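Asks: Build me a structure from this.
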Amino acid sequence: GLHPLLHGLLLAAADKINNTVKMKSAAVLAAVLGSAAAFAPASQSSIRSTSVATNAVWDDMIGGVDFRGNEFKYDPLNLADSYPLFLPWFREAELRHGRTAMLAVVGFIATDFIRLPGDMYSFEAIPKTIDAHDTLLKTGPMYQLLFWIGLIDLCVTAPAIVATYDGEREAGDFAFGTKYAPKDDAGMKKKKVAELLNGRLAMIAVGGIATQSIITGHGFPYV
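Replies: Numbering: from 1, shown residues only. This is a model prediction of the structure:
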């Protein structure tokens with residue numbers, strides 16, 4: 001049979017999906033019954049209510065600022081209002097992608113100067129960092145990385161997401177490095193905002209690094 005932990009995770013996920021489907025079905029039924037009103041132009045009050053809903057999300061969640069600290073409530077697709085049930089997952093995904101991107105930027109630059117020991121990772125075998133992915137798919141550990149990262153996601157991330165929806169943890173909180181975290185709320189909020197802003201910048205930066213590497217054929221500084 002299934003491992004008890006995996007079985008419990010699947011049951012929890014199924015329950016979440018079932019509840020979401022019920023809510024979506026109710027929404028669809030309401031939309032069908034009110035289909036005549038769907039073709040009416042949007043009123044100012046509905047636009048204001050959407051704006052209020054989006055603002056309410058930013059009031060509850062940090063990160064609605066730019067790098068200068070000015071207000072910047074960016075949600076052009078209005079996802080916060082359209083899918084409020086997924087807000088914890090959206091924030092979890094943003095933090096995870098931001099953290100991964102920050103590591104990726106450092107790794108992209110560092111491997112232009114230093115490499116792991118072994119001929120497989122040498123500059124002769126992989127002259128440019130951008131070539132590492134395809135080369136290591138053929139001769140290296142890329143499939144092992146996929147397996148182990150997938151296993152970690154199954155054993156760590158999945159229960160963490162369930163705990164987030166149950167209100168037992170904040171999105172992105174793995175209790176890592178708490179020894180060095182600020183003790184006061186203001187300091188902690190500042191660190192959280194800094195992590196979000198640096199992660200957003202890194203996600204853009206790693207895309208730019210990869211693009212420039214391919215276009216120019218050069219390593220750092222990619223010109």
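Asks: just so I have it, where are all the helices in this structure?
Replies: Secondary structure of the chain (DSSP state H): helices located at 4-33, 35-38, 44-60, 79-82, 87-110, 132-139, 142-152, 158-165, 185-216.
Asks: Check the ones you listed for me: which has the lowest mean pLDDT.
Replies: Mean pLDDT is lowest for helix 35-38 out of those, coming in at a mean of 38.
Asks: Next, count neighbours for Asp75.
Replies: Asp75 has 15 neighbouring residues, counting by other C-beta atoms under 10 Å. Any C-beta I mention is one placed from the backbone N, CA and C, and that applies to glycine too.
Asks: for Asp166, same thing?
Replies: Every residue meeting other C-beta under 10 Å relative to Asp166 is counted, giving 10.
Asks: Also the one 4 residues further on?
Replies: Burial of Glu170, expressed as a neighbour count using other C-beta under 10 Å, amounts to 13.
Asks: And the nearest residue to it once chain neighbours are set aside, how far from Phe176?
Replies: In space, and not counting its chain neighbours, Glu170 is closest to Thr164: 7.2 Å by C-beta to C-beta, 6 or more residues apart in numbering. Note on Thr164: its distance to Phe176, by C-beta to C-beta, to the nearest Å, is 15 Å.
Asks: The two: which is more packed in?
Replies: Thr164 (18 against 8).
Asks: That one and Thr111, how far apart?
Replies: Taking C-beta to C-beta, one finds Thr164 at 34 Å from Thr111.
Asks: What of Gly219?
Replies: 9 Å.
Asks: what residues are shared contacts of the two?
Replies: In terms of C-beta atoms under 8 Å, 6 or more residues apart in numbering, Gly219 and Thr111 are both contacted by the residues Thr129.
Asks: buried set for stretch 207-219?
Replies: Ile209, Ala210, Gln212, Ser213, Gly219 (16 or more other C-beta atoms under 10 Å).
Asks: Select, from those residues, the two members most distant in space.
Replies: Farthest pair in those (C-beta to C-beta) is Ala210 and Gly219. Separation: 11.9 Å.
Asks: just to revisit the earlier point, Ala158 is in contact with the residue nearest to Glu170, correct?
Replies: No. Assessed by C-beta atoms under 8 Å, Thr164 is found out of contact with Ala158, at 10.9 Å.
Asks: Distance from the chain centre to stretch 185-193, please.
Replies: Taking C-alpha atoms, centre = their mean, to the nearest Å, one finds the center of stretch 185-193 at 19 Å from the center of the full chain.
Asks: Convert that stretch to CSV, retaining C-alpha atoms only.
Replies: The C-alpha coordinates for stretch 185-193 follow below in CSV (Å, rounded to 0.1, in the frame of the first residue of the first chain):
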residue,chain,number,x,y,z
ASP,A,185,8.3,42.7,13.6
ALA,A,186,9.5,45.8,11.7
GLY,A,187,12.9,44.2,11.0
MET,A,188,11.4,40.9,9.9
LYS,A,189,9.0,42.7,7.5
LYS,A,190,11.9,44.6,6.0
LYS,A,191,13.8,41.4,5.4
LYS,A,192,10.8,39.7,3.8
VAL,A,193,10.2,42.6,1.5
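Asks: Mind listing what's buried along it?
Replies: By 16+ other C-beta under 10 Å, the buried positions in stretch 185-193 come out as Lys192.
Asks: same thing with stretch 66-86?
Replies: For stretch 66-86, the neighbour count (16+ other C-beta under 10 Å) marks Ala80, Asp81 as buried.
Asks: From start to finish, how long is it in a straight line?
Replies: The first and last residues of stretch 66-86 sit 23 Å apart, counting by C-alpha to C-alpha, to the nearest Å.
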